[in-house]
Each structure stands twice: as C-alpha cells, then as structure tokens.
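Visitor: Sequence below, structure please.
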Amino acid sequence: MSHRVLFISNGHGEDNHSAHIIQSLRQLAPQVDVAALAIVGEGSAYRRLGVPLIGPTQVLPSGGFTYMNRWLLLKDIQAGLLQLTRQQWQAMRQYAPQCDLVHATGDSIGQSFAYGSQRPFISFISCLSALYEEHLELDLLLQWYFRSSRCLRVFTRDRFTAANLQQQGFNKVEFGGIPSLDYLTPQGKDLQRRSGTDLVALLPGSRLPEALRNFRLQLRLLEWVAQNHPEALEKVQFQAALVSGVLTELPTLAKGWEWQPPHRLVWRSPDGDRSLEVLCFGDRFNDILHNCTLVVGMAGLAVDQAVALGKPVLQIAGEGPQFTYQFAEAQNRLLGISAQTIGTGPADDGVLQQAAACLWKTINDRAYLAEAERNGKARLGELGASYRIANCILQQLGIEPQHPNP
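Guide: Next comes the predicted model:
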C-alpha cells in the first residue's frame, strides 16, 4: 500500500528542518512518497534531496521576514505576494486529497496551509519558543488549529517550550528538537588549521544579497581586530562557512582584501606591519562548527546549530532583511548567555571596535566558554529530532520503520 506525505514550510530554516526529517524518513521507510510546498523562497533544501515541489516558488524582497519590517510586506505585495500565495494555496488544495498526512514546519502561515488541507496534520513550530519571554502565548489561529481533531501532534524545538504549552493545556505538544543536528557530524575535511590556535567561525548567512553585505561587515570587524588587538593574529585563526553565491564574489568582495585562490582572503595593514587571513570554504560547515571556539554569527538556524554544539556566538547587526538588531536581540533572549550582541542597530565603526574587543576578550575567557558550552547544549543540543518526528509520521501511517532509531 502506497503512502504519501506532503511537507509544508514557510522559510529557509523551516525548509531545512523539513528536509532533514525527510532524510530520516527515507532511511526508516523508503517506500513513503513525499512532496513539498515551499511557501517562502525557492525550496533549495528540498531540491537538493530531489523532493518534488508542488506549487510555484519565488524569492520575495523580504525573504519571509515581514514581521521584522512591515514595510517589506508592501514590497512583497508589489512583487506578487498575493498572486503567489493564491497559486500556492490552490496547488495545495489540489494535491492534498492524494496525501495520507501533512507535515507543516513554521508559524501561523505554514500551519494555516496544513489546516486548510483538510487532511490529518503534524505541526513543528520550529520558530516559536517560550525561551524568548519565558512563556509562549500562541495566537488564536494556532490555538484553534492545535485543538482541531485533525491535528495529531505538535513538536517544539526545545523542551522548555513543550513543557510550557503542556501546562497551558495543549496535550498534543511534545519536544522535538533541531532535526539538522542529527546530520551535523564532522566529515574530517582539511581545515588547514594552524596548531595551537583558536578557531573563530564566520557565519554570514545564506540569503543573497544579504549574506554578501553581512560578510563584508564581518571582514571589517576583523580589520578592527587586527588593528586594535594584533596579539590575536598569532593566537586566532578565522574561517568562513559560505554559500556558493558568496564564494563566487570573493575576488571583488571587499576593498583592501586580496583574494588568493582557492581558499584565502588576506588583509594587510597600510604600513605593511601586520596581515590577517580568512580561509573561506563552501563545503566544510560541519567541520568548522565542531572545531571552532567562537562563532561570529549573522544567521538564524546556523547560529542555533552552533549554540547547540556548545559554541558561544558574537552577533553584530546588519541591514537585513533578516539579521537586523531586532532579530539579533531576539536570538539573545532565545540563546541566553551563549549569545552576545554588540550595538543596537546596523554596525558602524564604533560598534565594530567594541565587537573586536569582545571577540578577543571572549576567546581568552575560559570560564565563560565552559559555561556557554553547558548552556547551549542544555537549551538546544539534544540529538534525535529528525528521527523522533519521522517515527511519529510512520506511527500515524501505521508503518514499522525498517531501521532502528540511531
């Protein structure tokens, strides 16, 4: 008997979560057919797995972050948001009757699509957490959806949120975790690491062109490190985990930096007394994250992953649309002591100088590094989320997994 599951997600990070659940689902029960609806963006995470996409996809100006800046909603509407949403809704309504189950990752938008499918559904509210305010007040739509008889289970990213919602009477809620952690194992790739150095990872994000702007800002931060803390040049090595769209721009990316293929960006002081290098990789994210001491992060899910591994994060805000001060401040509340945000707006030279001092101080504060490791692993670091959720899907379909949960 054939079984079919439709995965719905509304955001880049949400696509990633769902894609990792699909990977585990395929391991456990390869006979299950899957398809996906990517409400925001191009659905790249699904495309990499060869998952069929239903409905149109489009990159809009906001990147899905209209809640950070409501003016971007107007730009999205001008770019065709309403027509896109209507077409996606129609595609979902046409496809859903063929499905045994719908899985939705995201906030009210993705969950509205799942509820509107008229099929049984499982929800993963990956972007919502009680850790932000020590209490999660679900909006009225989500409360309605999660009390529906067609809602089978609601998974959370962290245990604190699951407990908080259970206390509010949402008895279908349980802890899920971060699915990508199950696939975040080091691959043993050569990082060209100098012995005796601390590794600082640069994570500028993955959405273009914002990731380009963020990386330029991070390079300016490193210039301030080199100028104000020259002792760091011997003790610290900097490595960037970049998407292909940023890698292709490296030869002309930053004024004052020299590109030395295949991996090296080099900055030299005007007097020639000191130099700093950044190794740039597009295929070593896992290894960089596992081996680094500190992350300079301007991303969402990638920062969560780093903190889950026990890494502290230094944040500076950019122009957005995603990684604004408002986003960074929210990350601070989510991640607790594991995150330090410098400044209260888009970083200027004054903020970058403060961030450079904070970077050097943090690298040398071993007590803080140890506490950040404990905090991050306790908040977000439990493995097995992709298998927990995949097994729940199989349970609802009445299928025994072919392989044990690892």
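Visitor: Report the buried residues of stretch 155-173.
Guide: With burial defined by 16 or more other C-beta atoms under 10 Å, the residues of stretch 155-173 counted as buried are 155-162, 164-165, 170, 172-173. The way it works is simple: take the backbone N, C-alpha and C, and place the C-beta from them, glycine included.
Visitor: In helices, which of the residues you listed appear?
Guide: Where the buried residues of stretch 155-173 overlap with helices, as defined by DSSP state H, the overlap consists of 159-162, 164-165.
Visitor: which among these gets closest to residue 253?
Guide: Checking those against residue 253 with C-beta to C-beta, the nearest one is residue 161 at 38.5 Å.
Visitor: so the closest one touches residue 130, yeah?
Guide: Yes. With contact taken as C-beta atoms under 8 Å, residue 161 and residue 130 are classed as touching, separated by 4.3 Å.
Visitor: can you list residues touching both of the two?
Guide: The contact sets of residue 161 and residue 130 overlap at residue 136 (C-beta atoms under 8 Å, 6 or more residues apart in numbering).
Visitor: State which helix of this structure is the longest.
Guide: With residue count as the measure and DSSP H as the assignment, the chain has helix 210-228 as its longest helix.
Visitor: Would you tell me what the next helix or strand after it is?
Guide: Sequence order places helix 232-235 as the next helix or strand after helix 210-228, per DSSP states H and E.
Visitor: Dump the next helix or strand after that following helix to PDB, restricted to CA.
Guide: Reading on from helix 232-235 to the C-terminus, the next helix or strand found by DSSP H and E is strand 236-241. Taking only C-alpha atoms (Å, rounded to 0.1, in the frame of the first residue of the first chain), the coordinates of strand 236-241 have been written out as PDB:
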ATOM      1  CA  VAL A 236      43.400  33.100  16.400                       C
ATOM      2  CA  GLN A 237      42.600  31.600  13.000                       C
ATOM      3  CA  PHE A 238      39.500  32.800  11.100                       C
ATOM      4  CA  GLN A 239      37.400  30.600   8.800                       C
ATOM      5  CA  ALA A 240      34.200  31.400   7.000                       C
ATOM      6  CA  ALA A 241      31.500  28.900   6.000                       C
END
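Visitor: Report the angle between strand 236-241 and helix 210-228.
Guide: Computed by axes from the mean of the first three to the mean of the last three C-alpha atoms, to 10 degrees, the angle separating strand 236-241 from helix 210-228 equals 170 degrees.
Visitor: Report all helices and strands that strand 236-241 contacts.
Guide: With contacts defined as 3 or more C-beta pairs under 8 Å, 6 or more residues apart in numbering; DSSP states H and E, the secondary structure elements packing on strand 236-241 are strand 198-203, helix 210-228, strand 275-281, helix 285-291.
Visitor: Using CSV, list the CA coordinates for the longest helix of the chain.
Guide: In CSV, the C-alpha atoms belonging to helix 210-228 read as follows (Å, rounded to 0.1, in the frame of the first residue of the first chain):
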residue,chain,number,x,y,z
GLU,A,210,22.2,40.0,2.5
ALA,A,211,24.9,37.4,3.1
LEU,A,212,27.3,39.4,0.9
ARG,A,213,26.7,42.5,3.0
ASN,A,214,27.0,40.6,6.2
PHE,A,215,30.3,39.1,5.2
ARG,A,216,31.7,42.5,4.2
LEU,A,217,30.7,43.7,7.7
GLN,A,218,32.4,40.7,9.3
LEU,A,219,35.6,41.4,7.4
ARG,A,220,35.6,45.0,8.6
LEU,A,221,35.2,43.6,12.1
LEU,A,222,38.4,41.5,11.6
GLU,A,223,40.2,44.6,10.4
TRP,A,224,39.5,46.2,13.8
VAL,A,225,40.7,43.0,15.5
ALA,A,226,44.0,43.2,13.6
GLN,A,227,44.4,46.9,14.3
ASN,A,228,43.5,47.0,17.9
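Visitor: quick thing: my sequence starts at 19, can you match it?
Guide: Okay, using 19 as the starting number, the last item reads as helix 228-246.
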